[in-house]
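K.L.:
Okay, structure incoming, though there's no sequence with it:
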């Protein structure tokens, strides 16, 4: 085996060893950062966005971060900040998915766990649902420890539950456009729009006044174009209220011709592992984030 291939193979084996449960969170997080970005993170005077995300994961222990991570608890936070009207209708919440009232649910709905990310089941026709399979999927989610996978502290003590909510329909396909606002000190600096999440995925990056930004976002499909949402001004105002106490938070919304809906709050998007094109955008994002001694 060639020396370079041997080194890569050895690194992969070492990374697998470092992914074991017995490895403490912080060394594993740093190792993953190095493996992904091929550089040491600066955690003393971080300048890159990814370094500041990593620093938050490792050292920031504010209770609000756990509230944001909890897909059920965050609803009360949103209710207090901006009101009930932005929340999708809650159809059911349970620790036992066998209690999901399928017969009384609307034709379309969304099922997701409270204690993780990127776990979701979109139902567009209730009559076609394999109930036993969906219940088994939910039970599988409940058995998983998301913190053990990503080592993000905020998920450590989130109560595993299953949430059933209305499916937002904006007329753009199976899932609505997802508007992700990157908020720094209560101000939106960039908006990432994800289109066709479960179809032919594409994305656009824009400024708050809807000017395109020449950036390719990881994991979000090909670059595309997006028209301004119907309630952009209301979206920006709601984001200011939800993010006013945070040096950084990503706030997600859905928008329909009739009304605006809250999606989620994310304090550590990408778990510090995202890479953009151009790579300089990591520093651009980081320049908006003022970090104190505790990484907040």
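P.N.:
The structure has been received and is ready for your questions. Computed from a predicted structure; not experimentally measured. Residues are numbered from 1 along each chain as shown.
K.L.:
Now the phi/psi pair for the nearest residue to residue 79 once chain neighbours are set aside, please.
P.N.:
Counting by CB to CB, 6 or more residues apart in numbering, residue 79 lies nearest to residue 87, which is 6.6 Å off, once chain neighbours are set aside. C-beta: built from backbone N, CA, C; applies to glycine. Backbone torsions for residue 87, taken as degrees, to the nearest 10, come to phi -90, psi 130.
K.L.:
Residue 87 against residue 74, yeah?
P.N.:
No. Applying CB atoms under 8 Å, one finds residue 87 not in contact with residue 74, separated by 9.6 Å.
K.L.:
which of those two has more neighbours?
P.N.:
Neighbour tally, residue 87 and residue 74, criterion other CB atoms under 10 Å: the higher count belongs to residue 74, 20 against 17.
K.L.:
pretty sure that one contacts residue 64?
P.N.:
No. Counting by CB under 8 Å, residue 64 is not a contact partner of residue 74; they are 9.8 Å apart.
K.L.:
Going along the chain, name the strands of the stretch 151-296 of the chain.
P.N.:
162-166, 178-184, 187-195, 202-206, 222-223, 248-255, 260-266 (DSSP state E, counting those that start in this stretch).
K.L.:
Quick one: residues contacting residue 51.
P.N.:
Contacts for residue 51 (CB atoms under 8 Å, 6 or more residues apart in numbering) come out as 41, 42, 43, 272, 286.
K.L.:
list the buried ones in stretch 242-261?
P.N.:
242-243, 246-256, 260-261 (16 or more other CB atoms under 10 Å).
K.L.:
So which of the residues you listed is the closest to residue 119?
P.N.:
Nearest to residue 119 out of these is residue 252 (CB to CB; 15.4 Å).
K.L.:
quick one: contacts for the closest residue to that closest one other than its chain neighbours?
P.N.:
Among residues not flanking residue 252 along the chain, residue 263 sits closest, at 3.3 Å (CB to CB, 6+ apart). Residue 263 is in contact with 178, 179, 251, 252, 253, 254, counting by CB under 8 Å, 6+ apart.
K.L.:
Counting neighbours, what do you get for the residue lying closest to the first one once chain neighbours are set aside?
P.N.:
The reference is to residue 178. Take residue 178 and drop its neighbours on the chain: the residue closest to it by CB to CB, 6+ apart is residue 194, 4.1 Å away. Close neighbours of residue 194, defined as other CB under 10 Å, add up to 22.
K.L.:
Strands of the stretch 1-150 of the chain, start to end?
P.N.:
Under DSSP E, counting those that start in this stretch, the stretch 1-150 of the chain gives strands at 90-94, 109-113, 121-123.
K.L.:
Burial-wise, tell me which of the ones you listed comes out on top.
P.N.:
Of all these, strand 109-113 has the most neighbours on average by mean count of other CB atoms under 10 Å, namely a mean of 22.
K.L.:
Give me the helices and strands touching it, please.
P.N.:
strand 121-123, helix 131-143, strand 162-166 (3 or more CB pairs under 8 Å, 6 or more residues apart in numbering; DSSP states H and E).
K.L.:
What strands flank the first one, and is each parallel or antiparallel?
P.N.:
Strands adjacent to strand 121-123 in the sheet, as given by DSSP bridges, are strand 109-113 (antiparallel).
K.L.:
Kindly check the end-to-end length of stretch 92-111 for me.
P.N.:
Stretch 92-111 stretches 9 Å from its first residue to its last (CA to CA, to the nearest Å).
K.L.:
Name the residues of that stretch that come out as buried.
P.N.:
Result for stretch 92-111 [16+ other CB under 10 Å]: buried residues 92, 93, 97, 100, 105, 109, 110, 111.
K.L.:
Of these, which is the nearest to residue 210?
P.N.:
Using CB to CB, the buried residues of stretch 92-111 come closest to residue 210 at residue 110, 27.5 Å.
K.L.:
what sits against that closest one?
P.N.:
88, 120, 121, 122, 123, 164, 165, 166, 167.
K.L.:
Tell me how far it lies from residue 121.
P.N.:
Using CB to CB, to the nearest Å, residue 110 is found at 7 Å from residue 121.
K.L.:
give the contact list for residue 201.
P.N.:
Counting by CB under 8 Å, 6+ apart, residue 201 has contacts 194, 195, 220, 221, 222.
K.L.:
Give me the pLDDT value at it.
P.N.:
Turning to residue 201, the model gives it a pLDDT of 89.
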